[in-house]
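1. next comes the sequence, and after it the predicted model I'd like to discuss.
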Amino acid sequence: MRLNMYERTPKGTTPKLAKILLIVLSVFFTAIFALMIIVLAMENLAFGFFVFTIIFLCYFGFIVMAYNWRRAYMKIEGDTIYITDYPFFKERKMVVSIKDIHKIKWRSGGQLPLGYLVFKNQENKTLFKTLDLPEIRAYFAELGFEIT
């Protein structure tokens, strides 16, 4: 069984109207930021470049994070979990036995509407984390784990 770690399994499709709206909003906010940077650069070139760099890094970081979240998954075969995660484009693979999981804790997602699940072993060390998705919650509930 294969479960996505940070988005629903199977992946939902985004309606065409929503995609168009996101593109229009993205272009709109990019244009506003570009105008703001031009005005700042007219006053002080170094400060304008500094603001541009910060905004560019935020955009780039968000794009990298979203791209990597879409690719991360866990594959469950028998009582072995094969985890493939992508922090900053680098593939990270882990193998965890279901017997190693002692407890599953729920944590608040901060600004996110969903929280996340932290899988811990006997020594209370974190094995891995995943977004609190209904598919993952249901699968581990079937195995008899209580999420606290």
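-> It's in. Quick caveat, the model's predicted, so the values are computed rather than measured.

2. going forward, measure contacts between C-alpha atoms and count neighbours the same way
-> OK.

3. buried residues in the helix or strand hosting Ala66?
-> Element membership of Ala66, judged by DSSP states H and E, is helix 45-71. Neighbour-count burial for helix 45-71, counted by 16 or more other Cα atoms under 10 Å, picks out Gly48, Val51, Phe52, Ile55, Asn68, Trp69, Arg70, Arg71.

4. now stretch 114-126
-> Per 16+ other Cα under 10 Å, stretch 114-126 contains these buried residues: Gly115, Tyr116, Leu117, Val118, Phe119, Lys120, Asn121.

5. and the fifth one, what is it in contact with?
-> When contacts are counted by Cα atoms under 8 Å, 6 or more residues apart in numbering, Phe119 is found next to Ile101, His102, Lys103, Ile104, Lys105, Thr126, Leu127, Phe128, Lys129.

6. and the gap between the residue of the chain positioned farthest from its centre and Met1?
-> The C-alpha centroid of the chain is most remote from Glu43, which lies 38.0 Å away (Cα atoms, centre = their mean). From Glu43 across to Met1, the span is 58 Å (Cα to Cα, to the nearest Å).

7. what of Lys125?
-> 25 Å.

8. looks to me like Ala41 is in a helix.
-> Yes: counting by DSSP: H, G, I helix; E, B strand; the rest coil, Ala41 falls inside a helix.

9. elements contacting the helix or strand of the chain with the lowest mean pLDDT?
-> When the helices and strands of the chain are compared on mean pLDDT, DSSP states H and E, helix 45-71 comes out lowest with a mean of 85. Applying 3 or more Cα pairs under 8 Å, 6 or more residues apart in numbering; DSSP states H and E, we find helix 45-71 packed against helix 16-43.
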